[in-house]
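Enquirer: Give the three-dimensional model of this entry:
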Amino acid sequence: MDLIDEVFDATIGATDDILFARDALRRVDPGWLAIALRPLIARHFKEPTEPIDWLDYRCVADLLDDLKQINLLNIFIKWASEVDDPEVQEVVDDYRDLLGQETPESL
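Expert: Numbers count the residues shown, from 1 in each chain. Coordinates of the predicted model:
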C-alpha cells in the first residue's frame, strides 16, 4: 500500500478528503495498519521540527479512536501530554480515560 502516507496526511487537519481517507483506512487490516501508522505518527508528532496545530492532534486522536488503534492512541496521547499548548491538552484530557487499556510499545 504505497499510498499510506498520502491517505494518512489526508486525515489530518481540515482537508476535503478526510472522510474518504478515513473510510479507506477502515478497510485496511488493523494489524497491518498499526504497523504502517507507527512511523507516520512518529515522524509527524514524536519530535516535530515545527509547531503543530492543535487540530492536527485532535484529528489524529479521533482517527486512531475511530480505527480502534488503542495502543497507538495511548502512545500518541502520551506524546501530546508533553506539548505546552492548552488546546492540545484538551485533546489529552478528552482521551485520558483510554490510557492504560493496552500496554504501549515504544515506536
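
Enquirer: pLDDT score assigned to the closest residue to Phe45 other than its chain neighbours?
Expert: Using CB to CB, 6 or more residues apart in numbering and skipping the chain neighbours, the partner closest in space to Phe45 is Trp79 (5.5 Å). Where you see a C-beta, it was placed from the backbone N, CA and C, and this is true even at glycine. Listed pLDDT for Trp79 reads 92.

Enquirer: Any idea how many residues pack against Trp79?
Expert: When neighbours are defined as other CB atoms under 10 Å, Trp79 has 18 of them.

Enquirer: Name the residues of the strand or helix carrying it that come out as buried.
Expert: Element membership for Trp79 (DSSP states H and E) is helix 70-80. Judged by neighbour count using 16 or more other CB atoms under 10 Å, the buried positions of helix 70-80 are Ile70, Asn71, Leu72, Leu73, Asn74, Ile75, Phe76, Ile77, Trp79, Ala80.
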